[in-house]
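Participant: pasted the sequence and its predicted model underneath.
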Amino acid sequence: MISLWSLYNTVEKIQIDDLKTEQVKIVLLSIPTSRMKDWVVLKKGTVNWQPLAVHPEFYDDVNDLRGQVELNVPADPTKISQENKKPAPPDRRPLFEDVDLDAEQTLSIMDAGNYSVKERRSARRQNRSLKFEVIHGGKHFETETKDISMSGMSLKDPLPEWLTKEFPAKLHLGNQVIDIRAIRARKGKSDTALVIVEANPWALLRTWVVGW
């Protein structure tokens, strides 16, 4: 059975739900080291939020890329509980739905700052227009990107209602094409922000982002 997790930022009151283990790692790679202590994690089916240091498997990748990340663990991590956190609305969507974020704010959460270009999944954002295309369930949607990083992007046009929460898409730069798998960050009129879960090849996307 696949374990699902939630991440919560105790400072900015931002919650990301229904993440697989690998997706948690991808999100953590886009968070600046200085802000790691602001995030807690919750396994679906439990009620107690815990510091990231309690689950070292989530930030091992970060340690490999940026060096050791020191996270302070409270004497009693179980005190970070569901009851002490402001409850989200019952109809919230899985990603960033609890806060009314526009695309620029959503991507700023993922901004990892001035890290080395050797970082495998840099979160540096660039104002870059790429063709974005989705062919899904016999339907077609096409627009262009406004901002893009190794972790996510914002689009010029809102995503159509018929798209599922997670879906495959393509990014075009001239004759080059990257196949990606993305998660829509919210649903509604401002549904222009995406989280990149997979990209094939990652190296080409990194070249596009870091090389600009």
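Facilitator: That came through, no problem. Numbers count the residues shown, from 1 in each chain.
Participant: all strands of the chain, in order?
Facilitator: Along the chain, counting by DSSP state E, strands occupy 5-9, 14-19, 39-43, 50-51, 126-127, 131-136, 139-148, 152-155, 166-173, 176-184, 193-200.
Participant: next, format those strands as JSON lines and append mean neighbour count.
Facilitator: Where C-beta positions appear, they are placed from N, C-alpha and C, glycine not excepted. Listed next are the strands of the chain as JSON lines, based on neighbours: other Cβ atoms under 10 Å:
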{"stretch": "strand 5-9", "mean neighbour count": "20"}
{"stretch": "strand 14-19", "mean neighbour count": "20"}
{"stretch": "strand 39-43", "mean neighbour count": "19"}
{"stretch": "strand 50-51", "mean neighbour count": "18"}
{"stretch": "strand 126-127", "mean neighbour count": "12"}
{"stretch": "strand 131-136", "mean neighbour count": "16"}
{"stretch": "strand 139-148", "mean neighbour count": "17"}
{"stretch": "strand 152-155", "mean neighbour count": "24"}
{"stretch": "strand 166-173", "mean neighbour count": "17"}
{"stretch": "strand 176-184", "mean neighbour count": "17"}
{"stretch": "strand 193-200", "mean neighbour count": "21"}
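Participant: how about those, which one is nearest F58?
Facilitator: F58 sits nearest to strand 39-43 of all these, at 6.8 Å, using Cβ to Cβ.
Participant: now the strands of the chain in TSV, with distance to W208?
Facilitator: Below are the strands of the chain laid out as TSV (distance: least, Cβ to Cβ, whole Å):
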stretch	distance to W208
strand 5-9	27
strand 14-19	25
strand 39-43	28
strand 50-51	35
strand 126-127	8
strand 131-136	12
strand 139-148	8
strand 152-155	11
strand 166-173	6
strand 176-184	8
strand 193-200	10
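Participant: by mean pLDDT, show me the worst of those strands.
Facilitator: The weakest mean pLDDT among these belongs to strand 126-127, with a mean of 50.
Participant: ok, and the closest non-adjacent residue to I178?
Facilitator: L171 (4.5 Å; Cβ to Cβ, 6 or more residues apart in numbering).
Participant: quick check, the one you found in contact with T145.
Facilitator: Yes - using Cβ atoms under 8 Å, L171 is in contact with T145, at 7.5 Å.
Participant: check the gap between the residue nearest to I178 and Q15 for me.
Facilitator: 28 Å (Cβ to Cβ, to the nearest Å).
Participant: L7 pairs with what?
Facilitator: I16, V41 (DSSP bridges).
Participant: tell me who's in contact with it.
Facilitator: 15-16, 19, 24, 27, 39-41 (Cβ atoms under 8 Å, 6 or more residues apart in numbering).
Participant: look up how far V47 lies from A169.
Facilitator: For A169 relative to V47 (Cβ to Cβ), the value is 36 Å.
Participant: please apply the same query to S154.
Facilitator: When S154 is compared with V47 (using Cβ to Cβ), they lie 34 Å apart.
Participant: now swap in P201 and tell me
Facilitator: 40 Å.
Participant: wouldn't V11 be in contact with D38 here?
Facilitator: Yes - taking contacts as Cβ under 8 Å, V11 lies within contact range of D38: 4.6 Å.
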